[in-house]
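A.B. asks: Got a sequence here, can you model it:
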Amino acid sequence: MRGRGGWIAVTGLAVSLCAAALVRHELTLASPPPASTPTPAPLPAPVKPAVPKEAPPRLPPSLDGRGKAQVRVVSARDQRPLPGATVALLRDPIDVATPLETAVTNAQGIALFPEAPTGVVHLCARGVGHGEACEHDLGLVAGGSISTVLALPPGATLSGQVRNLDGTPAVGVRLMALSVPSVPRQMPTQAVTDANGRYILDGVTPGAVRIHPFTSEAQAQTREAEVQAEAWATLDIQLAGFTPVTVKPRRSRSSDWRHFQPATDDDIKAVSVGVPLRRQDDGTWTGVVEAGNRAVAVTGYHGWRDFHGGKEVALSPGEPMVVQVPYDPSAHLVIGSPHAPTPRFFEFAGHVLLPDGTPAQGARIAVAQPPMHVLRCGNTPPTYHHVRFEGSGFAVKPAAGHRTVYAWLDDGRSGSVTVEAQEGERIVADIRLEDTGAVVGHLGLPAEPPFDPWPALHLWDDEDRPLRRVTGDGRFIIAGLPPGEHTLSLEQDPRRHAFVIHAGGHTDLGHLRYEDPQ
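C.D. replies: Predicted structure coming up:
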């Protein structure tokens, strides 16, 4: 039977009914039937394409608030939990004059920071006969969390008694111990003397140790000791009393100054008498210093040259000292301008998404660091700061201007976003990863390497790889490499290491040892 709408109603098999219904639906959308024709019953909507299993988060992260940090501490020797270990939450810059923000591990070896500050933090632990272990550059957003496991190596214990000038126990003296040579972002070992002036520094890193005592009056002079792994060492400290010191830095009478501008252009950066002094409005530097034979040191800059001065002084307890210290210009230009511009930052927040749009977990965000000097060599690549976030959300503070922010996973997948922002602005954008890969390996060095600390890694196609990371033990990863063939070499090493990258995976080159071409 033929109807006015130009379609045919057919009865019969179910397959024919379905086909006719689809034809009718399409023709009805193209040309509505006349008013006298009854409107067909609505059909189910066409099936839409499949959506991601988990929709991308909508709320951008923020640095305005607090987060949570959890650390599990185990022994590197047998992986057993370490109850009673001290865990510190550190932020740059780390200053031994500031008490540590710490927590102590429970019976399961876990320590919690329920109100941790947002931003970039470092989590370190030591104690109960074990030395230090850290994970640096962890990112925390408001309402977010971060966790890590730290395996502590064998350590040492240093104990003793601190006495005042009159021989009485020095109560409440805070002792901060650092390894020698000191490494950046090191967790000091911290202790406070009891009612008998006694202290125990537990978890000291074996080797040379420098102890910084802080009394209620002032910072005392540094003491040094040597400790052995899994041993107990003793160091008693006799304080010599304190006295106020005022230092007046002055140009020397050297004829070398005749080529320089007036002394008002001299930029004095630091004055110390074993401990740092504070600059005053009248140009002097003052502080309370432990008595004894001390060395005054003055450092600073004039234009592109540095200057320095020094003087030996004998300080008696309770007797104020005022001393003039001459300084002389260096014969050489400094490397890079000493007056680097003050960096200006903006906030960049968002989520890291996998190629299919689902949230990525545990991505690292790579941000170029502001240059330390005004001028740089033209072929010097920027230094990137890699921050690990636990969830998909991130919030970082790049330097203001035209910036590219990268995100990457340990399997090599990576992505980036380029933005333009002024100081203080907040930019929100997600970073979607691409199906790239990574190359990993472990660097080994000769007894006397010609580089510090590791040789540079060069890829034949591009040496400036922002997603390049080398850990303190020589393990390296270069993420964000497109699938295909690549070649890697070490600095000053003529050998080439060929490898193939697969999307979403890493290629392990194993142990690479530098070989001197000579």
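
A.B. asks: all strands of the stretch 251-400 of the chain, in order?
C.D. replies: 267-272, 278-279, 285-290, 292-302, 305-315, 321-333, 347-353, 364-368, 384-389, 393-396 (DSSP state E, counting those that start in this stretch).

A.B. asks: and the ones you listed, which is most packed in?
C.D. replies: Each of the strands of the stretch 251-400 of the chain was given a mean neighbour count from mean count of other Cβ atoms under 10 Å, and the largest, a mean of 25, is that of strand 393-396. For the C-beta atoms, the positions are set from N, CA and C on the backbone; glycine is no exception.

A.B. asks: Could I get the CA-only coordinates of that one as CSV?
C.D. replies: Included here for strand 393-396 are C-alpha records, laid out as CSV according to Å, rounded to 0.1, in the frame of the first residue of the first chain:
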residue,chain,number,x,y,z
GLY,A,393,46.2,17.5,38.7
PHE,A,394,49.2,19.8,38.8
ALA,A,395,50.0,23.4,39.6
VAL,A,396,53.5,24.9,39.0
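
A.B. asks: how many neighbours does E423 have?
C.D. replies: 11 (other Cβ atoms under 10 Å).

A.B. asks: I'd say it and A399 touch.
C.D. replies: No. The pair E423 and A399 fails to qualify as a contact (Cβ atoms under 8 Å) at a distance of 9.0 Å.

A.B. asks: Give the residues shared as contacts by the two.
C.D. replies: Between them, E423 and A399 have R344, F345 as joint contacts when contacts are counted by Cβ atoms under 8 Å, 6 or more residues apart in numbering.

A.B. asks: which sections of the chain are below the confidence cut-off?
C.D. replies: Scanning the chain for pLDDT under 70 picks out 1-58, 182, 332-341, 371-381, 445-455, 460-464, 515-518.

A.B. asks: Any figure for the gap between the residue nearest the centre of the chain and L178?
C.D. replies: The chain has D137 as the residue nearest its centroid, 3.0 Å off, counting by Cα atoms, centre = their mean. Here the distance between D137 and L178 works out to 20 Å (Cβ to Cβ, to the nearest Å).

A.B. asks: T118 is nearest to which of the strands of the stretch 251-400 of the chain?
C.D. replies: Taking Cβ to Cβ as the criterion, T118 comes closest to strand 393-396 out of these, the separation being 7.4 Å.

A.B. asks: Parallel or antiparallel, list what pairs with the closest one.
C.D. replies: The sheet places strand 393-396 alongside strand 347-353 (antiparallel), with pairing taken from DSSP bridges.

A.B. asks: Now do the strand it pairs with: everything it contacts.
C.D. replies: 56-57, 60-63, 141, 359-360, 363, 365, 389, 392-398, 403, 405, 407, 415, 417, 419, 421, 425-433.

A.B. asks: Check the offset of that strand from the chain's centre.
C.D. replies: Distance of strand 347-353 from the chain centroid (Cα atoms, centre = their mean, to the nearest Å) equals 18 Å.

A.B. asks: Would you mind giving the orientation angle of that strand with respect to strand 384-389?
C.D. replies: 60 degrees (axes from the mean of the first three to the mean of the last three Cα atoms, to 10 degrees).

A.B. asks: Tell me what angle strand 347-353 forms with strand 364-368.
C.D. replies: Compare the direction of strand 347-353 with that of strand 364-368 by the same axes, to 10 degrees and you get 140 degrees.

A.B. asks: what ranges do the helices span in this structure?
C.D. replies: In the chain, the segments counted as helices under DSSP state H are 14-30.

A.B. asks: Skipping its backbone neighbours, what lies nearest P326 in space?
C.D. replies: By the measure of Cβ to Cβ, 6 or more residues apart in numbering, the closest residue to P326 outside its immediate chain neighbours is S252, 3.8 Å from it.

A.B. asks: Tell me how many other residues surround that neighbour.
C.D. replies: Taking other Cβ under 10 Å as the criterion, the count of residues near S252 is 14.

A.B. asks: quick one: contacts for it?
C.D. replies: G309, P326, Y327, D328.

A.B. asks: what about it, distance to G300?
C.D. replies: Distance, S252 to G300, using Cβ to Cβ: 13 Å.

A.B. asks: anything in contact with each of the two?
C.D. replies: In contact with both S252 and G300: Y327, using Cβ under 8 Å, 6+ apart.

A.B. asks: quick one on the thing from earlier: need the strands of the stretch 251-400 of the chain in a markdown table (columns: distance to I200).
C.D. replies: A markdown table is the format used below for the strands of the stretch 251-400 of the chain (distance: least, Cβ to Cβ, whole Å):
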| stretch | distance to I200 |
| --- | --- |
| strand 267-272 | 29 |
| strand 278-279 | 32 |
| strand 285-290 | 23 |
| strand 292-302 | 26 |
| strand 305-315 | 30 |
| strand 321-333 | 35 |
| strand 347-353 | 43 |
| strand 364-368 | 38 |
| strand 384-389 | 33 |
| strand 393-396 | 39 |
